[in-house]
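Chemist: the following comprises the amino acid sequence and a computationally predicted model.
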Amino acid sequence: MKAPSVLPALFPGFVKASLLLIFLAFNLTVAARSAPLVFLADHFPPYEFANPMGKALGFDVEVIDRVFKDIDVDAQFKFVPWNRVINTVKKGEAAGYFSCAYKPEREAYSYYSDLLSTATQGIIVKRGFDVSGIRYVSDLKRLRIGTVEGYAANQYLKDADIEFEKIGHISNAFPMLSRERFDALFLSLEAGMYLASEAGLSDQLAYIPMQDIPVRKYYLCFSNQLENHKEIAEKFNKKLAEFREDGTYEMIHDRYR
């Protein structure tokens, strides 16, 4: 017959301490696994924005949130200026970001989802401002241009050697245009129209698409430092495709038109 262990009798404190350590380790592991994934974005209506109560809204936010709920991924959305979005993801301090346009250098720290949404790049001016002959990016050389700092579309201006006024945050764009800090705001027209409508400025502005800039594509970008990011992205893409097929995607977008 096997002799009974004398450790519990001799070292009751040791046994209790060991059980406590196992219990704490288990709880910490569960907590780590259940911690929500944090995805960052800038204030960019109607794609993503926070209402006065801090609730994340916008068609990209709603699509992403709905997909994650269906694939059982707990996610949170946080809004910070775009430069901070990029720097935070580079440091591995967030699970990813959206709505991100493709840039080759971003592949070093980003893993792109399938297409999430699109945008039409153009300029927004005060109604009555002379924009005759303005159709292409090169035509903007004779205007004073303002654009949000850090946006990928700004590369079109840089490539054409067009100087521009940097806007620190999109919320400052229309006030600066109103004060004539620049002649034209270089921005996604979908975002511009939504912001103008919210501010009651729709009838005071004109929107001119740039005919030599293709429709801009936006994605959900996962951090390359996120564990299992490719597996999560694959599930995300599959469910996103289902939403496009069954009308869920269009239903969400219709709420912001």
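Modeler: Alright, I've got the coordinates.

Chemist: which stretches of the stretch 101-250 of the chain form strands?
Modeler: 110-112, 117-119, 121-126, 145-148, 164-167, 184-188, 205-209, 216-223 (DSSP state E, counting those that start in this stretch).

Chemist: pull the residues that contact the last one.
Modeler: With contacts defined as Cβ atoms under 8 Å, 6 or more residues apart in numbering, strand 216-223 is touched by 39, 47, 60, 64, 89, 92, 94-102, 106, 109-121, 153, 188, 229-230, 232-233, 236. Every C-beta, even on glycine, is put in place using the N, C-alpha and C of the backbone.

Chemist: residue 80 contacts residue 88, doesn't it?
Modeler: Yes: between residue 80 and residue 88 there is a contact under Cβ atoms under 8 Å: 7.2 Å.

Chemist: shared neighbours of these two, which are they?
Modeler: Common contacts of residue 80 and residue 88 (Cβ under 8 Å, 6+ apart): residue 40.

Chemist: just the buried members of the contacts of strand 216-223?
Modeler: Among the contacts of strand 216-223, the ones that count as buried by 16 or more other Cβ atoms under 10 Å are 39, 47, 60, 64, 89, 94-101, 106, 109-113, 116-117, 119-121, 153, 188, 229, 232-233, 236.

Chemist: which of the residues you listed fall in helices?
Modeler: Assignment to helices by DSSP state H places the following of those there: 60, 64, 89, 229, 232, 233, 236.

Chemist: ok, those residues vs residue 172, which is closest?
Modeler: Closest approach to residue 172 among these (Cβ to Cβ): residue 60, at 21.6 Å.

Chemist: distance of residue 191 relative to residue 223?
Modeler: Distance of residue 191 to residue 223, given as Cβ to Cβ, to the nearest Å: 24 Å.

Chemist: and the nearest residue to residue 150 once chain neighbours are set aside, how close does it get to residue 41?
Modeler: Among residues not flanking residue 150 along the chain, residue 82 sits closest, at 4.0 Å (Cβ to Cβ, 6 or more residues apart in numbering). Distance, residue 82 to residue 41, using Cβ to Cβ: 8 Å.

Chemist: so these two - more neighbours on which side?
Modeler: When residue 82 and residue 41 are compared on other Cβ atoms under 10 Å, the one with more neighbours turns out to be residue 41, at 26 against 22.
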